[in-house]
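Novice: no letters, just coordinates:
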C-alpha cells in the first residue's frame, strides 16, 4: 500500500482517474478517515479521492486492491497536517471529537482535559482554515459552536434515507448545504425515512433500570460500540456529500 504522496503524484494540474482520463471533478482529501466510506463515495463520482488518518484504511485502494481487483481512491497513513498544502480542490475533515463534544461532560474538568481540548480545537481550526477552496468540517455538537461559531447545518442519517439517528454538525466554507426533504411537497420528493425509535437497554440488572439508546451508544454483543465504530460516516451521508457536491463543483465551471 502506498503511504505517502510524492511530488510525482502532484504534477498534473488535473488528476488522472484509474482509466487514464482526467478526473472531471478534481482532487478531494478526506481527513481523519480510516474507513474509506467517504473516499469511496467521491471516487465513484470521478474524483481523485484520497483519505488520510493515523490508522491504516479498511477500504481497498487503487494501490491495494481487493480480491476482485477493485479499489477506490488512495489512503495516506499519517498526519493530515502534513498534506494540507498538497493542492486539493475539496477537503472533508472529521477531526477527533473526544475533547470537543458535550457528550463527555462528566469528564469535562478532569485533570489535563483543558489542555487536550485546546489542542483539539486548534486542530479543528487548522482543518477549517486549510488552503483549500472548498471545505467541510464535521463534528458532533460541542464546544466549537461556542468558541468558533454555530455549524452551517445539523443533520441525521435518516434525513437521507438511512434509519438511524446521529446528530452531525457541518461547518462549511465555499460549499452549499446538503439538501434533504423530510416530507413530500409540491416540488420535492421526500428523502428521509421515518424518525428512528431508540432501543431500550437495561443499564442495571439489579434495579432493572432502562434507558433509551440511539446509534451512537447502542450496545452490540453486550458491549457499547467502540469509538472507531461510532466514528464511521453513514453511507447515506457520504453519498449525499458526493452526489450533491460533485454536481455543485461541475455546475460551477
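Specialist: Yep, that arrived. These numbers come from a predicted model, not from an experiment. Residues are numbered from 1 along each chain as shown.
Novice: show me what contacts residue 97?
Specialist: Neighbouring residues of residue 97 by C-beta atoms under 8 Å, 6 or more residues apart in numbering: 120, 139-140, 142. Using the backbone N, CA and C atoms, a C-beta is placed for each residue, glycine as well.
Novice: ok, residue 237 - contacts?
Specialist: 155, 157, 160, 162, 168.
Novice: wait, a helix at it?
Specialist: Yes - using DSSP: H, G, I helix; E, B strand; the rest coil, the secondary structure at residue 237 is a helix.
Novice: quick one: it and residue 170, what's the gap?
Specialist: In this view, residue 237 and residue 170 are 9 Å apart by C-beta to C-beta, to the nearest Å.
Novice: find residues that contact each of these two.
Specialist: With C-beta under 8 Å, 6+ apart, residue 237 and residue 170 have common neighbours residue 155.
Novice: that older thread, using PyMOL, define a selection of the buried residues within the contacts of residue 237.
Specialist: Here is the PyMOL selection string for the buried members of these, based on 16 or more other C-beta atoms under 10 Å:
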select buried, resi 155+157+160+162+168
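Novice: closest one of the contacts of residue 97 to residue 93?
Specialist: Checking the contacts of residue 97 against residue 93 by C-beta to C-beta gives residue 139 as the nearest, at 9.1 Å.
Novice: count the neighbours of the closest one for me.
Specialist: 24 (other C-beta atoms under 10 Å).
Novice: from residue 89, how far off is it?
Specialist: From residue 139 to residue 89 the distance is 22 Å (C-beta to C-beta).
Novice: swap in residue 53?
Specialist: Counting by C-beta to C-beta, the gap from residue 53 to residue 89 is 20 Å.
Novice: re the thing from before, now render the contacts of residue 237 as a markdown table, adding pLDDT.
Specialist: A markdown table is the format used below for the contacts of residue 237 (pLDDT from 0 to 100):
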| residue | pLDDT |
| --- | --- |
| 155 | 97 |
| 157 | 95 |
| 160 | 97 |
| 162 | 94 |
| 168 | 95 |
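Novice: the contacts of residue 237 in strands, which ones?
Specialist: 155, 168 (DSSP state E).
Novice: please point out which parts of stretch 159-177 sit buried.
Specialist: For stretch 159-177, the neighbour count (16+ other C-beta under 10 Å) marks 159-162, 164-166, 168-172, 175 as buried.
Novice: do stretch 35-54 as well
Specialist: Those would be 35-43, 45-53, for stretch 35-54 by 16+ other C-beta under 10 Å.
Novice: good, wrapping up.
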